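Asker: sequence and predicted model, in that order:
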Amino acid sequence: MPRRRYERIYDVVRRIPRGRVATYGMVAMVAGYPRAARFAGLALHHCDDPTVPCHRVVNASGGLAPHFVSQRARLQHEGVTFAGRNVSLARQLWTPRLPSERVAASSRRQAAGRG
């Protein structure tokens, strides 16, 4: 079992704020596995850690996991809105800061004398 690779996925999912969602593809990309959305889904399917908010990850169209019965209720409890059966990605999608953006922001702060 690729436990270490799963942990990278779990670390990204833990960063998704309450009331926001991410897609499987986005989670995989941020974890360093571009084009590995199915791997992210597999990792979350095998997750038994209650500190990983798996319910905050949806498919690319905002659809919920078919076998995750309480996903919709958990998301609604956090204030996530739906457009029909799917999450309204235009309103609820999390935009993570990628490592390159953090480096650029740090460089700008240092240049401005605030670093």
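Answerer: Looks like it came in fine. Source: prediction; values computed, not measured.
Asker: please identify the helix or strand for the spatially most central residue of the chain.
Answerer: Nearest residue to the geometric centre of the chain (CA atoms, centre = their mean): A22, 3.7 Å. Here A22, judged by DSSP states H and E, is contained in strand 22-23.
Asker: check A28 too.
Answerer: helix 24-30.
Asker: from the contact counts, what lies against that helix?
Answerer: helix 3-14, helix 37-45, strand 57-58 (3 or more CB pairs under 8 Å, 6 or more residues apart in numbering; DSSP states H and E). For glycine as for every other residue, the C-beta is placed from the backbone atoms N, C-alpha and C.
Asker: pipe those into TSV and attach mean neighbour count, mean pLDDT and distance to A90 per row.
Answerer: Shown next, in TSV, are the helices and strands packed on helix 24-30 (neighbours: other CB atoms under 10 Å; pLDDT from 0 to 100; distance: least, CB to CB, whole Å):
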stretch	mean neighbour count	mean pLDDT	distance to A90
helix 3-14	17	94	21
helix 37-45	19	97	20
strand 57-58	26	98	13
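Asker: and of the ones you listed, who's closest to R91?
Answerer: Closest approach to R91 among the helices and strands packed on helix 24-30 (CB to CB): strand 57-58, 12.9 Å.
Asker: next up, the contacts around the residue nearest to the centre of the chain.
Answerer: 12-13, 16, 30, 56-58, 93-94, 96 (CB atoms under 8 Å, 6 or more residues apart in numbering).
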